[in-house]
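1. prediction below, plus the sequence it came from.
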Amino acid sequence: MRGYFGEFGGQYVAETLLPALEELEDAFDRASKDERFKYEFDSLMKDYVGRPTPITHAKRLSEHFGLDVWLKREDLCHTGAHKINNAIGQILLARFMG
């Protein structure tokens with residue numbers, strides 16, 4: 001597994017889990033290059049989740065605080081939160097892995 005964050009690689013996980021994480025990393029690398037996977041993910045994000053969500057200028061908050069406030073409206077996703085973005089990706093990757 002590629003290391004991050006210096007000598008220990010930022011891998012704070014039991015050694016018994018490393019093979020599973022390496023398998024997951026390999027699957028993600030392959031899936032992220034697979035056009036069908038990317039198309040299905042993008043389609044689900046658009047048609048099921050409701051992305052992309054708009055960015056809305058919060059005029060009154062901006063005036064109140066004297067700066068520009070913009071809101072990324074993840075609350076407009078069909079589930080009402082951003083969590084579905086991650087869940088869809090995990091489900092598709094699990095299916096991709098078999």
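-> In hand now; what should we look at? Residues are numbered from 1 along each chain as shown.
2. list the contacts for the residue nearest the centre of the chain?
-> The chain has residue 86 as the residue nearest its centroid, 4.6 Å off, counting by CA atoms, centre = their mean. For residue 86, no contacting residues are found, by CB atoms under 8 Å, 6 or more residues apart in numbering. The C-beta positions use only the backbone N, C-alpha and C, and glycine is treated the same way.
3. show me the helices in this protein, by range?
-> 18-31, 35-44, 59-65, 83-97 (DSSP state H).
4. okay if I get those helices as CSV plus mean pLDDT?
-> Below are those laid out as CSV (pLDDT from 0 to 100):
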stretch, mean pLDDT
helix 18-31, 94
helix 35-44, 97
helix 59-65, 98
helix 83-97, 95
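5. would you turn these into CSV with distance to residue 50?
-> Conversion of the helices of the chain to CSV gives the following (distance: least, CB to CB, whole Å):
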stretch, distance to residue 50
helix 18-31, 23
helix 35-44, 10
helix 59-65, 24
helix 83-97, 9
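6. nearest to residue 72, of these?
-> helix 83-97 (11.7 Å; CB to CB).
7. buried sites along the closest one?
-> 84-85, 88, 92-93, 96 (16 or more other CB atoms under 10 Å).
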